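1. Take this sequence and fold it.
(one chain, ligands or ions: 1)
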Amino acid sequence: MCKYNVLRKGEKKCTRFRPLSFEVPKPLFPVAGVPMLQHHIEACAKVPNMKEILLMGFYQPNEELNRFLLNAQQEFKISIRYLQEYAALGTGGGIYHFRDQIVSGSPEAFFVMNADVCSAFPLEEMLSFQKEHGEPNSFVILGTTANRKQSMNYGCIVENEETNEVLHYVEKPSTFVSDIINCGIYLFSPDIFQHIGGVFQKNQEEMLLYSFDGEESTNGWHRAEAIRLEQDVFTALAGQGKLYVYKTLGFWSQIKSAGSAIYASRLYLNQYHKTHPERLATNKKGGPKISGNVYIHPTANIDPTATLGPNVSIGTGVTISAGVRVRESIVLHGANLQDHCCVLNSIVGWDSTVGKWARVEGTPSDPNPNDPLAKMDSETLFREGKLTPSITILGCNVTIPSEVIILNSIVLPHKDLNRSFKNQIIL
Ligand code: GTP
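-> Numbering: from 1, shown residues only. Below is the predicted model:
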């Protein structure tokens, strides 16, 4: 059996991920110590008979992406290629455009994953589910449950409770439809291209009909090849006996904003107990005090009197001095946390410095801090980008002086602050 895997990379300018997406494409932002996409790749590489991983997006590949691909190929011993879309083709358009590459080698099935999801990726369970539940060549959406209010921010699925067939699919409904939501992880057979092809043809006919002087097609885009899997394909496939939902109890979250990366880090760090215990720091003689789940890159230099955790990731070459306290935070490579500073619910950007006795702090309203896997809406939990950010983010190469407090603020790259700030976006 041959399986292909398609990872999706969005073309958007990642505005909600600012200021961190200025430095690195969002899919390469480190979550629990490794680039966001590496979690997808690790999960795919574990599936028996997986033949290749294809990443798709509109990004111009750069040195960083190429290096990441090369390292990941070597580490996971699987072919990984990046296919660049000529324009943003949407969640269905990219896989349709590159369908020949996907079906070459005649795979029985392939996975498609959104890049911005954090999940336990139960890929083998999805395969078993497809064998047991669906018709041969059926399509499987990974689903999870959300509360009524949260569900309306996602694709909502009404299922046949006995067969798990998807009976209705509505993307981001304006009123409550179902508490089963689409996780953005799919298992398809090559038959899916007939259905996407149907949408492509319809789009083409529409374009001819309206002769397209800058008008939009029904999907709101200007290209027949721009196709949304959710609205254009799943909505029509529901109730046709082809589309099924596999509901997972495993963790799942979206990584939309920079702040939600802290929540995703918490989920992945917790998963490391099972998958990568070697990535979790432990209390050792002569080492810092570790509380809960913490990742420390081997090149980081940490003073033994520092206390780290829970939910902390420390990147390459970070320096952490005496008496420093870090909790619920991501510290990116090259950052320098000076004596006795305190970093809570924050992201400290690459090469930034936090001065002695300074306090860098966010205040997310965590409904259940004792349960690392509590179902939460990461967007409301760690929302930022509005006037009162709930976590603090320091962009790259920011300097925070000694003995100041930076509370619930976003600091843009290369800023040299000279006083305390609260609830501000510092441009
Ligand atoms: P919101 O509207 O922001 O809630 O987003 P959403 O989650 O409904 O969809 P979004 O447009 O953020 O897309 C989700 C994921 O789909 C992205 O992270 C990408 O991985 C993938 N995706 C979206 N658009 C494209 C595209 O044009 N090309 C490719 N290759 N992938 C895409």
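2. Tell me where the model's unsure across the stretch 51-200 of the chain.
-> 134 (pLDDT under 70).
3. Which residue ranges of it form strands?
-> Secondary structure of the stretch 51-200 of the chain (DSSP state E, counting those that start in this stretch): strands at 79-84, 109-113, 117-119, 139-145, 155-159, 166-171, 180-188.
4. which residues touch the first one?
-> Spelled out, it's strand 79-84. 9, 41, 51-61, 65, 69, 72-73, 94, 98, 101 (C-beta atoms under 8 Å, 6 or more residues apart in numbering). For the C-beta atoms, the positions are set from N, CA and C on the backbone; glycine is no exception.
5. circling back: ok, which of the strands of the stretch 51-200 of the chain comes nearest the ligand?
-> The closest of the strands of the stretch 51-200 of the chain to the ligand is strand 180-188. By C-beta to the nearest ligand atom, the value is 6.0 Å.
6. The ligand contacts on the stretch 51-200 of the chain?
-> Contact residues (C-beta under 6 Å from any ligand atom) of the stretch 51-200 of the chain with the ligand: 56-58, 85, 88-91, 94, 114-116.
7. ok, what's across the strand from the closest residue to Q60 other than its chain neighbours?
-> Excluding its sequence neighbours, the residue lying closest to Q60 (C-beta to C-beta, 6 or more residues apart in numbering) is Q84, at 7.1 Å. Beta-bridge partners recorded for Q84 (DSSP bridges): G57.
8. Give the burial count for Q84, as a bare number.
-> Neighbours of Q84 under the rule other C-beta atoms under 10 Å: 16.
9. From V404, how far out is it?
-> 44 Å (C-beta to C-beta, to the nearest Å).
10. At which residues are the helices of this structure located?
-> Here the chain has its helices, by DSSP state H, at 36-45, 63-76, 90-97, 99-103, 123-132, 148-151, 192-210, 235-237, 260-275, 378-381.
11. which stretches of the stretch 251-400 of the chain have low pLDDT?
-> Using pLDDT under 70, the stretch 251-400 of the chain drops low at 365-389.
12. Tell me who's in contact with the most centrally placed residue in the chain.
-> The centroid of the chain falls nearest to D116 when counting by C-alpha atoms, centre = their mean (2.9 Å). Contact analysis of D116 by C-beta under 8 Å, 6+ apart lists 10, 26-27, 36, 184, 254-256.
13. how far does stretch 133-148 stretch from start to finish?
-> Stretch 133-148 has an end-to-end distance of 27 Å (criterion: C-alpha to C-alpha, to the nearest Å).
14. cool, and stretch 233-246?
-> 18 Å.
15. repeat for stretch 343-356
-> End-to-end for stretch 343-356, by C-alpha to C-alpha: 12 Å.
16. Out of the helices of the chain, which is closest to L417?
-> Evaluated with C-beta to C-beta, those place helix 260-275 nearest to L417, the distance being 21.5 Å.
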